[in-house]
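Enquirer: just the structure for this:
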Amino acid sequence: MAKDNPPLFRDKYLTELRELASLSLPLILAQLSHMAMGFVDTVMAGRVSPADLAAVAIGGSVWFPVMLFVAGILMAITPIVAQQFGAGNHRAIPAALRHGLWIALALGLAGFVLLRNMGWLLELLNLESEVRRLAAGYLQAVAWGFPALALYQAMRSFSEGVSLTRPIMLIGFLGLACNIPANYILIYGKLGLPALGGVGCGWATALVMWVMMLALGGLILYGRGYRFLPPLLSWQPPSVVQLGRILRLGFPIGISFFIETSLFAAIALLVASLGAEVVAGHQIALNFTSLIFMVPLSFSMAITIRVGQAIGRRDLEAARFSARSGIFTTMLIAAIFSSAILLLAPAIAALYTPDPAVRQVAVSLLFFAALFQISDALQVSAAGGLRGYKDTRIPMVITFIAFWFIGLPIGYLLALSERVGLKLGASGFWIGLVAGLTTAALLQSWRLWSVQRGNRAGLNS
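Expert: Below is the predicted model of the structure:
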């Protein structure tokens with residue numbers, strides 16, 4: 001009998017891997033399409049003037065964390081729907097979507113008001129008057145799409161919960177396809193419209209948000225894949241209990257995303273004092289690591305779905321196996337990425353810039369990026385597993401401690417502090433990132449092990 005165990009385990013893992021891949025690959029492509037939109041915005045605005053490029057970059061750094069906070073809250077819909085789906089309780093799924101849409105509408109309107117009134121923040125940044133004017137116009141334009149973006153995020157989380165991730169990929173490609181001509185027309189002033197420059201990029205982004213929301217809504221209402229569900233948008237007065245359930249689960253996720261984003265923003269501000277070459281090298285390393293992070297992030301989302309559905313079936317062993325298989329796979333991919341970065345760091349830097357000084361900085365920082373690939377993959381995949389169990393509060397605290405009490409202080413002490421005396425510059429901050437991500441990985445893994453051992457959290461609705 002012992003000889004049969006390895007093949008049985010292998011077959012079980014390969015089956016789980018196929019399920020994870022079928023869920024995560026469309027999400028990876030969707031994430032890449034979203035990043036491609038940002039790349040297109042940067043290139044097309046940069047062709048107008050440096051001020052327009054700066055305005056789009058600054059505006060994006062303002063609204064993107066707000067978007068992540070909103071998206072994090074609405075990600076609570078995924079494990080709620082996944083557990084109902086796994087339990088075969090299809091009648092309860094439409095209510096989760098409807099209540100998620102109510103919350104999304106409120107968050108979208110709040111985001112609209114917030115982004116329309118960001119002048120005070122732009123004043124604090126001491127920008128040139130022209131850049132400040134363009135950045136304010138860009139944010140005010142993007143704000144008109146924010147309600148649509150929030151509604152899209154709610155529908156996306158619902159679709160993930162019922163294992164339908166391909167529509168999200170298709171909508172991502174549609175958004176990218178619309179973004180390019182919309183930018184061309186509004187930035188450069190085509191078809192008789194005035195040339196709006198960077199502000200036109202904001203209007204194009206808002207337009208794409210509405211297109212993506214309407215397209216996904218149409219697929220959910222009329223697509224074949226969703227026909228097994230009861231009517232999704234029949235009128236139902238919102239329930240305070242169900243609204244509270246989503247907010248209690250989602251608010252810590254949103255805060256966690258905001259904490260992580262704000263850490264990188266803080267490091268970027270601190271690195272700015274080290275000179276243009278260091279800033280450029282830091283940006284290259286950060287941009288490349290953000291790109292490949294889309295893979296473990298997408299696997300993390302797939303782990304949430306698989307664990308949530310197993311919990312819905314009350315199959316605790318399957319939930320544990322899904323989480324552990326997902327984490328193992330994600331770390332294996334991260335090990336491959338880490339090896340590739342170590343081997344190809346000079347070539348990677350050369351793709352971004354011909355400047356030898358900037359390339360030297362980038363290569364030195366990519367070394368640290370290679371070091372934290374496995375830690376980063378472990379912490380994000382473990383967090384995905386915990387979301388499947390509906391465990392989000394402790395992971396939020398872990399994220400805050402690891403990044404702001406360990407990662408940033410260590411980075412500052414090594415990079416800039418006179419007390420330590422090393423003054424390693426940007427490398428010091430990246431050592432801090434390694435420390436913070438490693439701490440987060442260990443603590444999130446411990447929390448997942450603790451939840452699985454106690455067989456708790458996931459069975460609570």
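
Enquirer: give me the element the closest residue to L191 other than its chain neighbours is part of.
Expert: The spatial neighbour of L191 that comes closest, neighbours along the chain excluded (CB to CB, 6 or more residues apart in numbering), is I185 at 5.6 Å. The way it works is simple: take the backbone N, C-alpha and C, and place the C-beta from them, glycine included. Secondary structure assigned from DSSP states H and E places I185 in helix 166-188.

Enquirer: which helices and strands sit right next to that helix?
Expert: Packing contacts for helix 166-188, counted by 3 or more CB pairs under 8 Å, 6 or more residues apart in numbering; DSSP states H and E, involve helix 5-46, helix 146-161, helix 198-222.

Enquirer: just the angle between the first one and helix 146-161, please?
Expert: Read that as helix 5-46. 170 degrees (axes from the mean of the first three to the mean of the last three CA atoms, to 10 degrees).

Enquirer: next one: helix 5-46 to chain centre, how far?
Expert: How far helix 5-46 lies from its chain's middle: 13 Å, per CA atoms, centre = their mean, to the nearest Å.

Enquirer: stretch 208-227 now?
Expert: Stretch 208-227 sits 21 Å away from the centroid of its parent chain (CA atoms, centre = their mean).

Enquirer: got it, and stretch 116-127?
Expert: In terms of CA atoms, centre = their mean, the centre of stretch 116-127 is found 25 Å from the chain centre.

Enquirer: now do the same end-to-end measure for it.
Expert: Counting by CA to CA, to the nearest Å, you get 18 Å between the two ends of stretch 116-127.

Enquirer: enumerate the positions of it that are buried.
Expert: Residues 116, 118, 122, 127 are the ones in stretch 116-127 that count as buried (16 or more other CB atoms under 10 Å).

Enquirer: before we move on, what SS does the closest residue to the third one other than its chain neighbours have?
Expert: If you skip the residues right next to it in sequence, L122 has R132 as its closest partner in space, 4.9 Å away by CB to CB, 6+ apart. Local secondary structure at R132 is given as helix here, using DSSP: H, G, I helix; E, B strand; the rest coil.

Enquirer: what pLDDT does the model give R132?
Expert: According to the per-residue confidence, R132 scores 86 in pLDDT.

Enquirer: now it: how far from V199?
Expert: Using CB to CB, to the nearest Å, R132 is found at 12 Å from V199.

Enquirer: looking at those two, which is more packed in?
Expert: V199 (26 against 19; other CB atoms under 10 Å).

Enquirer: right, and that one touches L134 too?
Expert: Yes: at 6.2 Å, V199 counts as touching L134 under the criterion of CB atoms under 8 Å.

Enquirer: okay, and the common contacts of these two?
Expert: Residues touching both V199 and L134 comprise A55, with contact defined as CB atoms under 8 Å, 6 or more residues apart in numbering.

Enquirer: okay, and for this structure, where does confidence drop off?
Expert: 1-7, 233, 235, 418-422, 455-461 (pLDDT under 70).

Enquirer: domain-wise, how is it divided?
Expert: For the chain, automatic domain parsing gives the domain ranges 20-238, 251-461.

Enquirer: and A323, what does it touch?
Expert: 303, 306-307, 382, 385, 388, 448, 452.

Enquirer: buried ones in the helix or strand that contains A319?
Expert: Remark: A319 resides in helix 316-352, with elements defined by DSSP H and E. Of the residues in helix 316-352, 318-327, 329-331, 333-334, 337-338, 341, 345, 348-349, 352 count as buried by neighbour count, 16+ other CB under 10 Å.

Enquirer: what angle do that helix and helix 5-46 make?
Expert: Using the same axes, to 10 degrees: helix 316-352 against helix 5-46 is 40 degrees.

Enquirer: name the next helix or strand following helix 316-352 along the chain.
Expert: Downstream of helix 316-352, the first helix or strand assigned by DSSP H and E is helix 356-371.

Enquirer: and the following helix or strand past that following helix, C-alpha only, in PDB?
Expert: With elements assigned by DSSP H and E, the helix or strand that comes after helix 356-371 is helix 373-388. In PDB, the C-alpha atoms belonging to helix 373-388 read as follows (Å, rounded to 0.1, in the frame of the first residue of the first chain):
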ATOM      1  CA  GLN A 373      10.500  36.800  -4.000                       C
ATOM      2  CA  ILE A 374       9.900  33.700  -1.900                       C
ATOM      3  CA  SER A 375       8.900  35.700   1.200                       C
ATOM      4  CA  ASP A 376       6.600  37.900  -0.800                       C
ATOM      5  CA  ALA A 377       5.000  34.900  -2.500                       C
ATOM      6  CA  LEU A 378       4.500  33.100   0.900                       C
ATOM      7  CA  GLN A 379       2.900  36.100   2.600                       C
ATOM      8  CA  VAL A 380       0.500  36.900  -0.200                       C
ATOM      9  CA  SER A 381      -0.600  33.300  -0.800                       C
ATOM     10  CA  ALA A 382      -1.000  32.700   2.900                       C
ATOM     11  CA  ALA A 383      -3.200  35.800   3.100                       C
ATOM     12  CA  GLY A 384      -5.200  34.500   0.200                       C
ATOM     13  CA  GLY A 385      -5.800  31.300   2.100                       C
ATOM     14  CA  LEU A 386      -6.900  33.200   5.200                       C
ATOM     15  CA  ARG A 387      -9.400  35.200   3.100                       C
ATOM     16  CA  GLY A 388     -10.900  31.900   2.100                       C
END
